[in-house]
Every structure is written in C-alpha cells, then in structure tokens.
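Asker: Below is the sequence, then the predicted model.
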Amino acid sequence: MTGRVSLVSGDELQTYDLGPTHPLRPERIKVALALMRSYGLLNSVSHLQPRLATDSEILLFHLAEYLETVKEYSSRGYGLLDAGDTPAFKGCYEAAGWVVGASLVAAEAVINGVSTHAFNLSGGLHHAHPDRASGFCIFNDPAISINYLKKNYGIKRVAYVDIDAHHGDGVMYGFYSDPSVLDIDLHEDGRYLFPGTGSPEEIGKGDAAGLKFNVPLPPGTADDVYLETFEEIVPPAIRGYSPELIMLQSGADSHRGDLLSHLSVTANVYYQVASKIHDLAHELCDGRVIVFGGGGYRLSNVARCWTSVLSAFTTTSIPNELPIDWQMYYRSIAGEEAPTLLMESAEKSEEETGKRLAEVLSELKRMIPASRRR
Ligand SMILES: [Zn+2]
Ligand SMILES: [Zn+2]
C-alpha cells in the first residue's frame, strides 16, 4: 500500500548554511534530490513550497529570550550560538525559520490529508533545546511540529523515531514527561559520540515513564545487529502506543564512513527501517508519516540513505547501480569519485557488538513495563 507522497523543497531551504568549512553543507540536499530525480522517484511525488515559520510558532517550543538572541546574532552575522558547533550567520534567524516552516507545511499536509507521507529533508534539527542552539541546530523543527500538531489539531499521540547517529536530545528531553510523545531513538553510544546522552535507563518521567526508548549502539554496529535490534524494539512499542501519526528523523550519519560518527550500516538499513515505518503507519494511523532529514556528513551517504527512504514510501523498486548521470553530477558537486552502488554489501557486526546490544535490550525490558511493549 502506498499513498500520496510529497516533498517540501525550495531554494530558501538552502540558505541554512553554517559556512564553507562546516560539515552541514547545503549541498547535502542538492545531491540527494538529484539522485531521487535521476532514479525517477520525483515523478510520483508532489512538491510543496516551504513557508517561513512565525515567531509564535517558534515559541511553541523555544523561549522568547532565546528567540531574541537568535535574531540579534542573525542581524549581526557572526558569533557562536552554542559552545562551538553552531556558528551564527547573517540571516540565520530567517534560514532556520524556513526550515521550521517547511516542517510545518509537511505536518499540515499530512494532517489535512493532502499527503499521506510528507518529507522535509532540510529538517530534523533534533539537538536544539528550548533555550539554546546545539549541534548545528538553531530551532528544533520536529519538536515545534509536535507542539503545533498538539495545539492546532488536538493530536494526542505522536510516535517519533530517530535513527540519526547522534542522540536526539532536544526532542527526547523536550517531551521527557509528556505522554503524547512516544520517542524511540537509536544512536551511537553516548560514551563515544556527541551529545553523550541517551542511555537505556532514560525511560521518561511521570505519565511518560516507559514511553522513551534510548538504544545506544556500539561503534561499528552493522546492518545485521542494527536491524535485529530495530525489529525487537520499534514495531512492538509503536503498536502498543497506537499513534495518530509517526515521525521519522532519518539522519544519514549512521551510514558507514560518516565523517563524524562511527556506526557501520548501509543504505539498506535506511530502506528497511523506512519500509517498516511505512507498513506500521498504514496499519495503525492511515499511513500518516512525516519524514525529516537530519544529519549525515558524507554527501554520497546522505544521497543514498534518503533516496532509499523515499523509495520505501513510494514503494518503487530501483536498481542498485547508481545512475551514471547522477555519478557525473556528484563528481562535479563533491569534487570526489561517486559511489557506484546504492546499497553496498553489508559487513558483519563483531560478536562483542551483538552481546552488548543483547544487554541493552534486556536493560530496556527490565526498565520498561511490559504493557508498553505489546
Ligand atoms: Zn504509503
Ligand atoms: Zn547526527
């Protein structure tokens, strides 16, 4: 089963540019869209124009004082918005506002039934906190979207799944006591990677206890163990929760060879995860899914992961050989050889990785009541 798929895109979203040497390059979106186009996937996708989020929308998650700080830095055009990773630039307030607006357009499209599945690849800026920027993220568009859907559409149960290599701390702690968000976050173990949080004991608080799943993965985790772990945790938790819609943050930095993180999966994991989320959404919530891009710092991996995710939602099978025209385009943009295969052959996880994850799973089962894991 599929449904109407839409993608929010526009030049305004390319203005979120933290500088020529910063790893979050706007070219990431360009090479990904080019690969989707080259495979013919965009023919079955409708395009939505982004809009600029209003201040009152941004304030659905962020504090007024922080919003003012961003505006100040934005007109000044330099300085750091956090301890070091998130430089301000001229117009950063507007650029971040476009990213938030694009996620809200995607959310509206899905909730109004214009689209069954909507993508904002420039979104997924999951590290921003109510009072501060963090990890390249100025405004937290998934968190704002959740509050927007709660406030304007009375949504009471959102399942948020985050497969970015970094722990989605801004979303996790933003809703830590809120039972209207089931948050499942698979990430590289915080002992090895920014932001350092996301251990299995962190299960939520109060009414939300047992609705936050943190799954730290050892460096080097490959497809086999990743998919087993995902299968063990995600479908039962989502079925048990019975969400009204699902959000997927599909940061591409869990792919092997990322410049900042150390997991070792192929684009096939992204395809499998997206297919499962797609099936669950049709089973449980009329197909409603919002997909955010997120991280991913090797251009070739970003293009391959997000194309694989889109192909799962359009239910299109595409050849594993990457189109020659895209390979040429890639060389011209990235200044390096293009990969030739969409999904490389998977490695085998080390035995130690499997053992470590078995411990994580039993820890989760110990912490989270069985009623939450139907
Ligand atoms: Zn569908
Ligand atoms: Zn990341």
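Answerer: Cool, the structure landed. Worth saying up front: this structure is predicted, and the values here are computed from it rather than measured. Ligands and ions are numbered 1, 2, ... in the order given.
Asker: Spell out which parts of this protein neighbour ligand 2.
Answerer: For the chain, the residues in contact with ligand 2 (C-beta under 5 Å from the ion) are D164, A165, H166, G251, D253, G295. Yep, even glycine has a C-beta here, placed from its N, CA and C like the rest.
Asker: give me that answer again for 8 Å
Answerer: Counting by C-beta under 8 Å from the ion, the chain comes close to ligand 2 at 126, 135, 164-166, 251, 253, 260-261, 294-297.
Asker: out of those, which is most surrounded?
Answerer: Neighbour counts for those, by other C-beta atoms under 10 Å, peak at G296, which reaches 32 neighbours.
Asker: Need the three-state assignment for that one.
Answerer: Recorded secondary structure, G296: coil (DSSP: H, G, I helix; E, B strand; the rest coil).
Asker: Identify the residues contacting the closest residue in space to it that isn't next to it in sequence.
Answerer: With sequence-adjacent residues excluded and distances taken as C-beta to C-beta, 6 or more residues apart in numbering, G296 is closest to A252, at 2.7 Å. Contacts of A252 were listed using C-beta atoms under 8 Å, 6 or more residues apart in numbering, and they are D258, Y270, G293, G294, G295, G296, N301, V302, R304, C305, W306.
Asker: Of these, which belong to strands?
Answerer: For the contacts of A252, membership in strands holds for none, with DSSP state E as the criterion.
Asker: Helices - which of these land there?
Answerer: Y270, N301, V302, R304, C305, W306 (DSSP state H).
Asker: who touches the fifth one in this structure?
Answerer: Which is C305. Here C305 is in contact with S250, A252, H255, A267, Y270, G296 (criterion: C-beta under 8 Å, 6+ apart).
Asker: out of the contacts of A252, who's nearest E344?
Answerer: Set against E344, the nearest of these by C-beta to C-beta is R304 (8.7 Å).
Asker: re the thing from before, which one among the contacts of C305 gets closest to K71?
Answerer: Closest approach to K71 among the contacts of C305 (C-beta to C-beta): G296, at 28.5 Å.
Asker: Next up, the contacts around that closest one.
Answerer: Residues near G296 by C-beta under 8 Å, 6+ apart: R28, D164, G251, A252, D253, H255, D258, V302, C305, W306.
Asker: So what's the residue count around the closest residue to the first one other than its chain neighbours?
Answerer: Nearest-residue entry for R28: V302, 4.5 Å, with adjacent residues in sequence omitted and distances by C-beta to C-beta, 6+ apart. For V302, the tally of surrounding residues (other C-beta under 10 Å) stands at 29.
Asker: How about L361?
Answerer: By other C-beta under 10 Å, neighbour count at L361 equals 16.
Asker: How about the one 4 residues further on?
Answerer: K365: 14 surrounding residues under other C-beta under 10 Å.
Asker: What are the contacting residues of the helix or strand containing it?
Answerer: Assessed by DSSP states H and E, K365 sits inside helix 351-367. The set of residues external to helix 351-367 that reach it, using C-beta under 8 Å, 6+ apart, is 200-201, 203, 210, 213, 215-218, 220-222, 225, 228-229, 232-233, 373.
Asker: Can you add distance to E350 and pLDDT and give the contacts of C305 back as JSON lines?
Answerer: Formatted as JSON lines, the contacts of C305 follow (distance: C-beta to C-beta, whole Å; pLDDT from 0 to 100):
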{"residue": "S250", "distance to E350": "25", "pLDDT": "98"}
{"residue": "A252", "distance to E350": "23", "pLDDT": "98"}
{"residue": "H255", "distance to E350": "18", "pLDDT": "98"}
{"residue": "A267", "distance to E350": "21", "pLDDT": "98"}
{"residue": "Y270", "distance to E350": "22", "pLDDT": "98"}
{"residue": "G296", "distance to E350": "24", "pLDDT": "96"}
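Asker: Make TSV from the residues you listed and add distance to Y78 to it.
Answerer: Converted to TSV, these look like this (distance: C-beta to C-beta, whole Å):
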residue	distance to Y78
S250	32
A252	29
H255	32
A267	37
Y270	36
G296	26
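Asker: now, among the residues you listed, which is nearest to ligand 2?
Answerer: Using C-beta to the ion, G296 is the member of the contacts of C305 that sits closest to ligand 2, with 7.1 Å.
Asker: distance between the helix holding K365 and the chain's centre?
Answerer: In terms of C-alpha atoms, centre = their mean, to the nearest Å, the centre of helix 351-367 is set 24 Å apart from its chain centre.
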